[in-house]
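# here is the input, now give the coordinates:
(one chain, ligands or ions: 2)
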Amino acid sequence: MPLDTTIEYLKGVGPQRADTLKKELFIFTFGDLLVHYPFRYIDRTRFHTIRDLQTEGEQVQLRGILRRLEVLGEGRAKRLTATLRDESGVIELVWFQGIQWVEKSLMVGKEYIAFGRINAFNGRFNITHPEMEEATPDNLQKPRTYEPVYSTTDKLVQKGLDAKGLRKTMRTLLDVLKPADLPETLPDNLLEAYRLMGRWEALQKIHFPENQQESEAAARRLKFEELFFLQLRILQSRQLRKDTVKGFVFEQLGDFFNRFYAEKLPFELTGAQKRVLKEIRVDLRAGRQMNRLVQGDVGSGKTVVALITMLMALDNGFQACLMAPTEILAQQHFIGLSALLGDLGVNIGFLSGSIKGKKREAILAQLCTGEMQIVIGTHALIEDWVVFQNLGLSVIDEQHRFGVEQRSKLWRKSQGLPPHVLVMTATPIPRTLAMTLYGDLDVSVIDELPPGRKPITTMHKTEAHRLRVQGIMREEIAKGRQVYVVYPMIEETEKMDLQNLMSGYEALSRDFPMPEYQISIVHGKMKAADKEYEMQRFVRQETQIMVATTVIEVGVNVPNASVMVIENAERFGLSQLHQLRGRVGRGAEQSFCILLTGHKLSADGRERIQTMVGTNDGFVIAEADLRLRGPGNIEGTQQSGMLHFRIADLARDGQILTAAREIAITILQQDPGLRTPAYMRLRQYLDATAKESKIWSRIS
Ligand code: ADP
Ligand code: MG
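Residues are numbered from 1 along each chain as shown. Ligands and ions are numbered 1, 2, ... in the order given. Modelled structure (predicted):
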């Protein structure tokens, strides 16, 4: 197979360049080079109009009259500027180097073809160091090109593999390959129905298109292929699991469930909570292991859904456990759920690394005999010596905080069949990511907040407004409310961050002096017991202000808190900011989130802050996060190799992904094993690539 040929043997490559290609770009074979797709194109097939320029960084070709030409500034700021005017508008051209020569070669009043990259400067576009050609009839008739640009590295450039060199190498490769080397992978009727380019053609045109339409059509085909086969794999493995992994049948709703519902539940469930519980109930009776992800925004009430599900397990004679990522959160769940259950007669316990000695032994013994029906805890729950009598359900809260390995350990905690698994996440996940990352789970969404919540008011403030911010804090504390003040704590700069936090704490202690005000402080360097003590003081309302690093980010529930002040807010990611904000607004009162930043913000930083100020909707925020950071950086996705796409982009290709998934579902419904001749190509391709495709670890 030519595609498997070592890259060294491609004409013009040879051992040295091959070596660098391997080291720098992981290109070992012809096939690897073939899928080193261009990341953009230089379009000189057409002229852009000045008024329609939009994208910073884009390379454009303009045609217009040179209107002005002058040297400005002194010394290092010295530059040659000119303006180019076409029918639609004017743009500035700038040169910092070769000023004299450029000035001499250009003439005001003549028409030019200018080519270069758009910059944004002081809110306006300009082009620095454009290539200039006079717009003579000869020049205008020269063939205009549409050229691929490949990512390269310094080392490759040294070996002659710059943009041009790579282009030439790619041309050589495509000339060597024949259609038979790149067989079609998609069924003909699918190609027709979705107007997809054939594979051979697409691979030619992605590298050497004539124009933008062609490159886009080629990209669409290749993106579809990439997403479609991934979805086929995900859906097949999900089906396989459903067919093969049997589960306990929780046939009945019993006393626990009924009495809890009738006597204990302090509020009416929201429509969304009820719907999700119904979905869970269907799973639990199906005779298959449940693997369900419950997505719901912060404060949407996932905990009570988890509790009711646990009661279903108890009603059928099984034990249940709930695992949370931090001690504080697990404690809170334990306290909160115990209070909710009241005198229902459920034996519920707490287990974490800090439970030791006799207490620990007693809990372990009760889990082993089945006496303890529900256990809430931390990672301690997955230790080998935690043995259940008959674990029927594992709930994992804030699942993105756990590694895949940790989650999968809970699977093996029951004898015989695996327990049902319910994972809950408070970080809304963009739809496209969910389809991919959690594509093999069933997903339920709690898309409704409990009634009576006032939307949180979010403000952006800078240092200059600090007095005003303190004013808001004072007003709220005077009303009996509590305040969080959060500082960033990012590991590499931990020392400085700690200093920041401590000096912030000292300043606050001066502005909010004892005994009128009491302040809690919690940070990562404190002992667990001290943290706990400080947290509890805040929970019991003995302190009015909680100064903390992001340790409080996850799940803490103090409904009386109404102000969240976030220091250096520009340093937090969007999902973190959203999580933090979710710590307030849990009572019926108006709550505030104040984002404090420096004066100067990066473009990204500004967009994050504006997004936060503009919306409370976690899904909107998740989409913005995906756009800003790309899928690989979204929390909880880092370990996942499945997000390394060759060409697809989950932030942009939502429509293609949705189509790919729907088509994959339809095809698998008709023919789960892909046995019919029409789907031969699909099966062949899946088989051929089975090894190299990383099979993602299952989530639970
Ligand atoms: P999260 O989804 O972020 O885990 P929680 O489960 O902690 O949210 O719920 C947040 C708060 O909302 C809790 O105080 C809980 O008691 C309350 N709550 C949950 N469901 C309802 C409901 N249907 N009506 C009123 N309050 C509710
Ligand atoms: Mg929660």
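# check which element follows the helix or strand of the chain with the lowest mean pLDDT along the chain.
In the chain, the helix or strand scored least confidently by mean pLDDT, DSSP states H and E is helix 404-411, which has a mean of 63. Next in sequence after helix 404-411, counting helices and strands by DSSP states H and E, comes strand 420-425.
# which helices and strands sit right next to that following strand?
helix 271-285, strand 291-296, helix 302-315, strand 391-396, helix 404-411 (3 or more Cβ pairs under 8 Å, 6 or more residues apart in numbering; DSSP states H and E). No exception for glycine: its C-beta is placed from N, CA and C like everyone else's.
# what about 7 Å?
Contacts defined by 3 or more Cβ pairs under 7 Å, 6 or more residues apart in numbering; DSSP states H and E place strand 420-425 against strand 291-296, helix 302-315, strand 391-396.
# run the chain-centre distance for it.
Relative to the mean C-alpha coordinate of its chain, strand 420-425 is positioned 19 Å out (Cα atoms, centre = their mean, to the nearest Å).
# kindly report the same for stretch 291-305.
18 Å.
# using CSV, write out every CA atom in that stretch.
Extracted C-alpha coordinates of stretch 291-305, given in CSV (Å, rounded to 0.1, in the frame of the first residue of the first chain):
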residue,chain,number,x,y,z
ASN,A,291,-25.2,4.7,32.3
ARG,A,292,-26.8,8.1,32.4
LEU,A,293,-25.4,11.5,32.6
VAL,A,294,-27.5,14.2,34.2
GLN,A,295,-26.5,17.6,33.0
GLY,A,296,-28.0,20.6,34.7
ASP,A,297,-26.9,24.1,35.4
VAL,A,298,-25.6,25.1,38.8
GLY,A,299,-28.5,25.1,41.2
SER,A,300,-30.9,23.2,39.0
GLY,A,301,-31.5,20.7,41.7
LYS,A,302,-29.5,17.6,40.7
THR,A,303,-28.9,16.4,44.3
VAL,A,304,-32.5,15.6,45.0
VAL,A,305,-32.8,13.7,41.7
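# which residues touch it?
Stretch 291-305 is touched from outside by 270, 273, 276-277, 280, 283, 333, 336, 421-426, 428-429, 438, 441-446, 448-450, 578-579, 582, 585-586, 618, 700, with contacts defined as Cβ atoms under 7 Å, 6 or more residues apart in numbering.
# most neighbours per residue, which of the helices and strands packed on strand 420-425?
By mean neighbour count, with neighbours taken as mean count of other Cβ atoms under 10 Å, strand 391-396 ranks first of these at a mean of 27.
# ok, that one: who's next to it in the sheet?
Strand 391-396 has the following strand partners under DSSP bridges: strand 319-323 (parallel), strand 420-425 (parallel).
# let's test this: mean pLDDT of that strand, rounded?
For strand 391-396, mean pLDDT is 94.
# same thing with stretch 563-578?
For stretch 563-578, the mean per-residue pLDDT is 91.
# flag every buried residue along that stretch.
563-572, 574-578 (16 or more other Cβ atoms under 10 Å).
# does ligand 1 sit close to that stretch?
No: residues of stretch 563-578 are not located near ligand 1 by Cβ under 6 Å from any ligand atom, the shortest gap being 11.3 Å.
# would you mind writing the CA trace of that stretch as PDB?
Output in PDB follows, covering the C-alpha atoms of stretch 563-578 (Å, rounded to 0.1, in the frame of the first residue of the first chain):
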ATOM      1  CA  VAL A 563     -22.600  38.300  47.000                       C
ATOM      2  CA  MET A 564     -19.700  36.700  45.100                       C
ATOM      3  CA  VAL A 565     -16.700  38.900  44.500                       C
ATOM      4  CA  ILE A 566     -14.200  37.400  42.200                       C
ATOM      5  CA  GLU A 567     -10.700  39.000  42.300                       C
ATOM      6  CA  ASN A 568      -8.600  38.900  39.100                       C
ATOM      7  CA  ALA A 569     -11.600  37.600  37.400                       C
ATOM      8  CA  GLU A 570      -9.800  37.800  34.000                       C
ATOM      9  CA  ARG A 571      -7.600  34.900  35.200                       C
ATOM     10  CA  PHE A 572     -10.500  32.400  35.500                       C
ATOM     11  CA  GLY A 573     -11.900  30.400  32.700                       C
ATOM     12  CA  LEU A 574     -15.500  30.800  31.800                       C
ATOM     13  CA  SER A 575     -16.800  27.600  33.200                       C
ATOM     14  CA  GLN A 576     -15.000  28.300  36.500                       C
ATOM     15  CA  LEU A 577     -16.500  31.800  36.700                       C
ATOM     16  CA  HIS A 578     -19.900  30.300  36.000                       C
END
